[in-house]
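# the sequence and its predicted three-dimensional model are supplied below.
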Amino acid sequence: MKISEMIKNLQEFMEEYGDLECWYASDDEGNEYHKVYYEPSLLCVDKYDGEIHTLEDVGWIGAPIEDYDKICVVN
C-alpha cells in the first residue's frame, strides 16, 4: 500500500469514526495490539534478498542505492 492510499483510507475512517488513537497488530492473526508511538521512518529493502536497512547502512554497505526500494515504516 502506498502512503497516498493509506492517507485516503485513514481520512475516510476518521470522517466516519472521529480522530481516534492509532494502534497496530503485531501479526496477521492479531495476537497482540500496541499503540503507535513513533513518526514514520524511512528504511530501504534490498531488492535481491529482502533485507531491511537504514539509508545510512546502505551507504556503509557500499551497494548501489538502485539495489534498494525505499519504504515507509510506521511504529
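All right, it came through fine.

# need the helix or strand of the protein with the lowest average pLDDT.
In the chain, no helix or strand scores lower on mean pLDDT, DSSP states H and E than helix 55-61, which sits at a mean of 92.

# just checking: what are the partner strands of whichever helix or strand comes after that one?
Downstream of helix 55-61, the next assigned helix or strand under DSSP states H and E is strand 68-73. Note on strand 68-73: by DSSP bridges, its sheet partners are strand 41-46 (antiparallel).

# isn't Leu73 up against Pro40?
Just to correct that, residue 73 is Val rather than Leu. Yes - counting by Cβ atoms under 8 Å, Pro40 is a contact partner of Val73 at 6.6 Å. C-betas here are computed from N, CA, C, even on glycine.

# beta partners for Leu43?
Ile71.

# low-confidence stretches in the chain?
For the chain, no stretch is flagged by pLDDT under 70.

# what secondary structure does His34 sit in?
Secondary structure state of His34, per DSSP: H, G, I helix; E, B strand; the rest coil, is strand.

# and the gap between it and Trp60?
30 Å (Cβ to Cβ, to the nearest Å).

# neighbours of Tyr68, how many?
Close neighbours of Tyr68, defined as other Cβ atoms under 10 Å, add up to 20.

# ok, how many other residues are close to the closest residue to it other than its chain neighbours?
With sequence-adjacent residues excluded and distances taken as Cβ to Cβ, 6 or more residues apart in numbering, Tyr68 is closest to Cys44, at 3.9 Å. A count of neighbours around Cys44, defined by other Cβ under 10 Å, yields 21.

# alright, that wraps it up for me.
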